[in-house]
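> need a structure here:
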Amino acid sequence: MKTPLQRFRSMAIICGINLLLLVIYMVAKHVFHLLDGKTAFVVIPIAHGYFYIVYILTVLQLGVQKRMPLATMIALVAAGTIPFASFIAERKIVQQYS
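A predicted model of the protein is given here:
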């Protein structure tokens, strides 16, 4: 991953997949009461927190390098919090800035 665009693509996909896993985990835990705090799945929310921080940093790096408008960078950061939005944002940014 040599360029900020490649790093952004990777982190958008990783963060998007992890967010989907987090949603499944939360539904299983709180709606269906299938998981307790002692399972290995407790790693999913922790990992998402770290991945999201790295995702934000890659958005900032890409935004500064490509001189993106602030509103675009804010929208990209928000896309990391909505399921499937990071996949859509990744596609649009790659088409626009590659």
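
> Give me the residue at the spatial middle of the chain.
Nearest to the geometric centre of the chain sits Cys15, at 2.9 Å (CA atoms, centre = their mean).

> now that one: how far from Arg67?
If you measure Cys15 against Arg67 using CB to CB, to the nearest Å, the figure is 23 Å. Using the backbone N, CA and C atoms, a C-beta is placed for each residue, glycine as well.

> Please apply the same query to Phe84.
27 Å.

> Show me which of those two is the more surrounded one.
Set side by side, Phe84 and Arg67 give different neighbour counts by other CB atoms under 10 Å, the larger being at Phe84 (11 against 6).

> Give me the phi and psi for that one.
Recorded main-chain torsions at Phe84 are phi 70, psi -10, according to degrees, to the nearest 10.

> can you pull the contacts of the closest residue in space to it that isn't next to it in sequence?
In space, and not counting its chain neighbours, Phe84 is closest to Gly16: 6.9 Å by CB to CB, 6 or more residues apart in numbering. Listed by CB atoms under 8 Å, 6 or more residues apart in numbering, the contact set of Gly16 reads 80, 83-87, 90.

> which of those has the most neighbours?
Ser86 (27 neighbours).

> quick one: it and Ala79 touch, right?
Yes: if you go by CB atoms under 8 Å, Ser86 and Ala79 touch, sitting 4.9 Å apart.

> low pLDDT regions in the chain?
Within the chain, no stretch has pLDDT under 70.

> Quickly find the element holding Phe87.
Secondary structure assigned from DSSP states H and E places Phe87 in helix 85-97.

> Show me the contact partners of that helix.
The set of residues external to helix 85-97 that reach it, using CB under 8 Å, 6+ apart, is 5, 8-9, 12-13, 15-16, 19, 55, 62, 66, 75-76, 78-80.
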